[in-house]
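[1] Sequence below, structure please.
(2 chains)
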Amino acid sequence: DTEVTQTPKHLVMGMTNKKSLKCEQHMGHRAMYWYKQKAKKPPELMFVYSYEKLSINESVPSRFSPECPNSSLLNLHLHALQPEDSALYLCASSQDGSSKPQHFGDGTRLSIL
Amino acid sequence: EDQVTQSPEALRLQEGESSSLNCSYTVSGLRGLFWYRQDPGKGPEFLFTLYSAGEEKEKERLKATLTKKESFLHITAPKPEDSATYLCAVNNNAGNMLTFGGGTRLMVKP
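    Residues are numbered from 1 along each chain as shown, chains lettered A, B, ... in the order given. Take a look at the predicted model:
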């Protein structure tokens, strides 16, 4: 079991739906991340939060909206997604500082109809 | 721009047949090199961090080493349960961003 918990594990949604992905960690980490991973590819960074503030947005389309309500929680709000957005969405956390390892959850498998 | 290249892309081994996976990197100011294991449908599982050339880390049948240009993940007497994709990633002085290699898919047959 990982120490980063993501819900739901699977999500199927239409292109007009609004849904949210949730991520929670209780390791006291102050940096949290969203990644997108397509089949047989490495994870691609989407967003980085450091001390609950958005520090990196890797030119992600506005149909993806991140939110960090507190130091333990990270949300990804989804709206008007496209079929090409179907992927595994991974959350990770780390002690702040680029020399610290990131710890990943098991992801949400998202399918857009 | 940081770059990470892993080889081979796929590796088939017989149980007990030791081998090595390679991770070549170019980075502006290495802050850490990380190895992860990823099983299908799961998130990457952290294995090792290496910080400076000459450093080595071990865990069960795995041993990671680091030089100024590359890292190796040595697998000694692998078992079928070692089958997974192994990812290498680097972090630089600029911040909390990892640059991943493409991964090596390891298959160990009994």
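
[2] count of neighbours near residue A:11?
    For residue A:11, the count of nearby residues is 17 (other C-beta atoms under 10 Å in any protein chain shown). (C-beta placed from N, C-alpha, C; glycine too.)

[3] Can you point out the buried residues in the host helix or strand of it?
    Taking DSSP states H and E as the criterion, residue A:11 maps to strand A:10-13. For strand A:10-13, the neighbour count (16 or more other C-beta atoms under 10 Å in any protein chain shown) marks A:11, A:13 as buried.

[4] what sits up against that strand?
    Outside strand A:10-13, the residues that touch it by C-beta atoms under 8 Å, 6 or more residues apart in numbering or on different chains are A:19, A:21, A:78, A:81, A:108-113.

[5] Which members of these define the maximum pairwise distance?
    Farthest apart among these by C-beta to C-beta are A:21 and A:113. That separation is 17.0 Å.

[6] So between the two, which is more surrounded?
    residue A:21 (22 against 10).

[7] Any idea what the spatially most central residue of chain A is bridged to?
    By C-alpha atoms, centre = their mean, chain A has its centre lying nearest to residue A:34, at 3.1 Å. Beta bridges link residue A:34 to residue A:47, residue A:91, judged by DSSP bridges.

[8] Give me the below-cutoff pLDDT ranges for the chain.
    In the absence of a named chain, this looks at chain A. Applying pLDDT under 70 to chain A picks out residues A:1-2, A:97-98.
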